[in-house]
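> Fold the stuff below for me.
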Amino acid sequence: MRACVLTTVHPYNDNRIFYKQIRTLLKAGYQVTYIAPCPPGVNRLEGIDLVPLPRLPRSHRPLNWWRALRAALRSRADIFHFHDPELIGVGLLLRMLTGRPVIYDIHESYPQAVLGKRWIPGWSRPLIAKAVRLLEWLAGRAFDGIVVPVPVIYERFRRSSRRSVLVHNYVDLGLFDYEEEGASPVLAQPYFVYAGSISTDRGALDCLAAFERLSREDVHLILVGRRSDTDPSVRDLPGHLSRGVYLLDMQPFERIPSLLRRSRAGLAPIRATPQYLDALPTKVLEYMAASKPVIASDLPLVRGIIEEAGCGLLVEPGNVEQLAEAMAYILDHPAEAEEMGRRGRRAVVERYSWETEGQRLLGLYEEVLGSNPHTEMENA
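Down below sits the predicted model:
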């Protein structure tokens, strides 16, 4: 079977799309065409038929919608799987023009996300959020399958969509089973790590402020990830870093486990915005998979995992003083911190592994392909 995976927003090496879902499809025997924004020079990935799109600013991304549609039609795929709400129109065209099944993969609560977008005028956000909710309701009825990452979103689509499945964005433990050679000198010193999108709402600036309050000369802070291009507070970060703070650009995911493993703790101080209230930051689980204690915001899904596993410390969202105190506690109680890390790793192995989630995704593919008349006729 041939699957075509599309995104115009996420980077080509997105953790959920490439490292988890596409690799799962490949292992199951699917031939995969992958259409995604790529930097110059990237044109092949692990035997995948990669169709690179130029990385464009938001205002020019509609050009990539047309490119993605043409490439998807040329792929002659048996099933299409897209990952961005802006591609709903492309998905509908693929469904109409090919008759093949189409899956819409929802990464977060987009109506809630709209309410926190600073680049959208405040007066229009509620209206746009309602429009997005209506559009997704229609998408649920139009497409053959809906994939969602958390229970709150699943409840929205469970009854209104033709077919929906909850596929948690859990950890692929296989990516944490090796050790990278040749750590750079900074990694030889004690440090905290913040990994993920670097923005105000994700808590990156709170990490900087807490690190300044911590005031430990022998300790470092590493922030690694892609900076938000719509958040002025982080665009100028390279010129405003404190001593002992290192800002790394987005890294290939293969390098992240070693970076986490050598840290004292992982930081996830996400703000309590509408977008993140019911979200589960994947980095929390990745810190746990690396056997490191977690310092995270006290948000519902995060609280449930950390308290159940006993693998970290919770702080009030946006409370820099509490964050600094939690960092100091980890430094001053190394044996307890190490035990937190062990408990977190055990919880991931037992309850938060991608292996089961990958099987749910494959089950959806099999169900959708089995009920589609085009694939049924070809397999007869």
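> alpha carbons only for contacts and neighbour counts from here, please
Noted.
> Quick check: residue 273 is in a helix.
No - counting by DSSP: H, G, I helix; E, B strand; the rest coil, residue 273 is not part of a helix but coil.
> Double-check it against residue 201; I have them as touching.
Yes - in this structure, residue 273 is within contact of residue 201 by Cα atoms under 8 Å, at 7.1 Å.
> Look at the two and report which has more neighbours.
Under the neighbour definition other Cα atoms under 10 Å, residue 273 and residue 201 were set side by side, and residue 201 has more, 20 against 15.
> Can you tell me how far that one is from residue 234?
11 Å (Cα to Cα, to the nearest Å).
> Can you check which residues contact both of the two?
Between them, residue 201 and residue 234 share no contacting residue under Cα atoms under 8 Å, 6 or more residues apart in numbering.
> so where do the strands sit in the stretch 251-380 of the chain?
Using DSSP state E, counting those that start in this stretch, the strands of the stretch 251-380 of the chain run over 265-268, 294-297, 312-315.
> ok, now the stretch 1-150 of the chain?
Assigned by DSSP E, counting those that start in this stretch, the strands in the stretch 1-150 of the chain fall at 2-6, 31-37, 49-53, 79-82, 102-105, 145-148.
> could I get those as JSON lines with mean pLDDT?
Putting those into JSON lines (pLDDT from 0 to 100) gives the following:
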{"stretch": "strand 2-6", "mean pLDDT": "98"}
{"stretch": "strand 31-37", "mean pLDDT": "97"}
{"stretch": "strand 49-53", "mean pLDDT": "95"}
{"stretch": "strand 79-82", "mean pLDDT": "98"}
{"stretch": "strand 102-105", "mean pLDDT": "98"}
{"stretch": "strand 145-148", "mean pLDDT": "96"}
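> quick one, which of those is nearest to residue 208?
strand 31-37 (30.4 Å; Cα to Cα).
> Give the pairing partners of the closest one; include direction for each.
strand 2-6 (parallel), strand 49-53 (parallel) (DSSP bridges).
> Point out the most buried one among those.
Mean neighbour count (mean count of other Cα atoms under 10 Å) peaks for strand 2-6 among these, with a mean of 23.
> Against residue 24, how distant is residue 127?
38 Å.
> Tell me which of these two has more neighbours.
More crowded of residue 127 and residue 24, by other Cα under 10 Å: residue 24, with 20 against 14.
> Next, count neighbours for residue 174.
10.
> What of residue 243?
Around residue 243 there are 11 other residues, counting by other Cα under 10 Å.
> Any buried residues in stretch 195-213, and which?
Neighbour-count burial for stretch 195-213 flags 195-212 (criterion: 16 or more other Cα atoms under 10 Å).
> Now intersect those with the helices, please.
Counting by DSSP state H, those place 204, 205, 206, 207, 208, 209, 210, 211, 212 in helices.
> how much space is there between the last one and residue 78?
Put plainly, it is residue 212. Remark: distance between residue 212 and residue 78 (Cα to Cα) = 54 Å.
> Okay, domains of this protein per the record?
2-170+354-379, 173-351 (automatic domain parsing).
> if I pick residue 214, what's in contact with it?
Applying Cα under 8 Å, 6+ apart, the residues contacting residue 214 are 324, 325, 327, 328.
> would you turn those residues into TSV with distance to residue 247?
Converted to TSV, the contacts of residue 214 look like this (distance: Cα to Cα, whole Å):
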residue	distance to residue 247
324	19
325	22
327	19
328	21
